[in-house]
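1. sequence first, then the predicted structure:
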Amino acid sequence: MPNRISLSPTLEEKLLSAKKVVILSGAGVSAESGISTFRDKGGLWEKFKPEDLATPAAFQRNPKLVWEWYAYRRKKIQSVKPNPAHVAIARMEKIFPEFLLVTQNVDNLHQKAGSKKLVELHGNINRNKCFSCEKISSNFKPDSKTVPPLCPCGGYLRPDVVWFGELLPENALELAQRASLEAELFFSVGTSALVYPAASLPFLAKEAGAFVVEINTGETEISPAVDELLLGKAGETLPVIVEFLKRNGKK
Ligand code: OAD
């Protein structure tokens, strides 16, 4: 039986008045679609070591292993669908005049649910780029005899995701920071808020005056600092917010 979700009067007032809204999303948003998170019990980083699979050095040591791990994750991701949390976020984009979704997720489920105003902070698992020349490549042959497939320049292709020790895409981070600084309402949803610089965005927003709401199944590092903590599943909580907005004429 899901918990009853109740929004505070202040949050209700902010939802009705805010024009500039930012949502930071993390792996918890895709959990109800059947995608493992990283740090929960049974999460990916409990079963696998990031230093073996998600660093440039790991790829240099064993490109085949890294490519195959991402191929396994791609297959899983392609077999699942967006859940009510993704759908509610895509809906919120249409309701608020200035909206930005900042996602740490690489699974493309927000895009599948219809989100358009989004920045991918950690890349997208559906794209590849060359480990040598860094060109984004979409025309590799998945049945290629080489694992990983090769870029026309001769380098190995790798997934276009951000690995530990790598910088985030500069434009994406800049857009996310600017929107967070201007936000009136900021949601941190389904993220442990442990990975920086993404985890700095709720603080940036808060210091600049935003009302910060966290939606998570448990408390996180940022919980003591947020204005409102909605404990519960993203796929149950976000639809309640959208329903409230609709009931109050925001469509
Ligand atoms: P984590 O696995 O660190 O955190 C997932 C969060 O989602 C936890 O705080 C859970 O409590 C919460 N959660 C789980 N199920 C939920 C649900 N149904 N509804 C709401 N919350 C739920 O994932 P991220 O914070 O996204 O980076 O991790 C950040 C980055 O660390 C990832 O982008 C990835 C990883 O290493 C890279 O690969 C660069």
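-> Received, thanks.
2. pLDDT value on the residue nearest to Arg127 when sequence neighbours are not counted, please?
-> Nearest non-adjacent residue to Arg127, counting by CB to CB, 6 or more residues apart in numbering: Asp160, 3.8 Å away. No exception for glycine: its C-beta is placed from N, CA and C like everyone else's. Here, the pLDDT recorded for Asp160 equals 96.
3. using the three-state scheme, assign Asp160.
-> Using DSSP: H, G, I helix; E, B strand; the rest coil, the structure places Asp160 in strand.
4. for the ligand, see how far away it is.
-> 12 Å (CB to the nearest ligand atom, to the nearest Å).
5. over to Gly114?
-> Distance from Gly114 to the ligand, by CB to the nearest ligand atom: 20 Å.
6. how about the helix or strand where Val29 lies, does it reach the ligand?
-> Counting by DSSP states H and E, the element that carries Val29 is helix 28-31. Yes: counting by CB under 6 Å from any ligand atom, the ligand has neighbours in helix 28-31: 28, 31.
7. list the contacts of that helix.
-> If you take CB atoms under 8 Å, 6 or more residues apart in numbering as the criterion, helix 28-31 is touched by 37, 40, 80, 83, 85-86, 89, 103, 105, 107, 109-110, 189-191, 216-217, 233-234.
8. ok, 6 Å please
-> For helix 28-31, contacts defined as CB atoms under 6 Å, 6 or more residues apart in numbering pick out 37, 85, 105, 107, 109, 189-190, 234.
9. in strands, which of those appear?
-> Among these, the residues falling in strands (DSSP state E) are Val189.
10. what is Ser25 paired to in the beta sheet?
-> Here Ser25 sits in beta bridges with Thr103, Val189, as judged by DSSP bridges.
11. before I go, just wanted to say thanks for your time.
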